[in-house]
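**Q** Okay, predicted coordinates and the sequence, questions at the end:
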Amino acid sequence: MSRFLPPDHAKGDERTIGGYAAVHARPAAFEGKDGASYSVELMVDATGEAERPFGGFILFVQWKRYGAQGVDGHLESEFLAWGASRDEALAALGAMALPAVQRVLDDLIRQRREAER
C-alpha cells in the first residue's frame, strides 16, 4: 500500500536525478521513446583506471505494460560520471539534470532497436 510523502525540498535540487530521489523519497521514473515506463537506479562500479577508479552509471528498470506487475527488462548506460571514491562518483552522477537522463534513456532505446534489426 502506498502513502503520500510530501516533497522535502531541503534535501536537494529536484531538477537533478539524485536530488529528485532525495526530495521525493523515491526513484525518478521516465517514459521512454518506446512508450514503456522506466525507473532509475544510480549505480557505481570500479573502472580499472588509476586516474578515475570509480564510475557512475544508470540502470533503467523497464516495467511490464500488460498483465501482472513486474519487470520486463532493463537498460544500462556506460559510465557517465567518475570519482576517486564510490561516494564521489555517485554524487557526480546524482548531479545530472533530469532532461539529460531522459536523453540517455532515449539513446539506449534507440541503440537497442538498432541492435534488434
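**A** Arrived safely.

**Q** Isn't L108 up against L59?
**A** No - using CB atoms under 8 Å as the test, L108 is too far from L59 to be in contact (10.7 Å). No exception for glycine: its C-beta is placed from N, CA and C like everyone else's.

**Q** of these two, who's got more company?
**A** Neighbours of L108 and L59, each counted by other CB atoms under 10 Å, are more numerous for L108; the result is 20 against 14.

**Q** nearest spatial neighbour of that one, skipping sequence neighbours?
**A** In space, and not counting its chain neighbours, L108 is closest to L75: 4.3 Å by CB to CB, 6 or more residues apart in numbering.

**Q** Make sure that neighbour is actually in contact with R110.
**A** No - here L75 lies out of contact with R110, judged by CB under 8 Å, at a distance of 10.7 Å.

**Q** Looking at those two now, which is surrounded by more residues?
**A** Each of L75 and R110 has its neighbours counted (other CB under 10 Å); L75 has more, 19 against 13.
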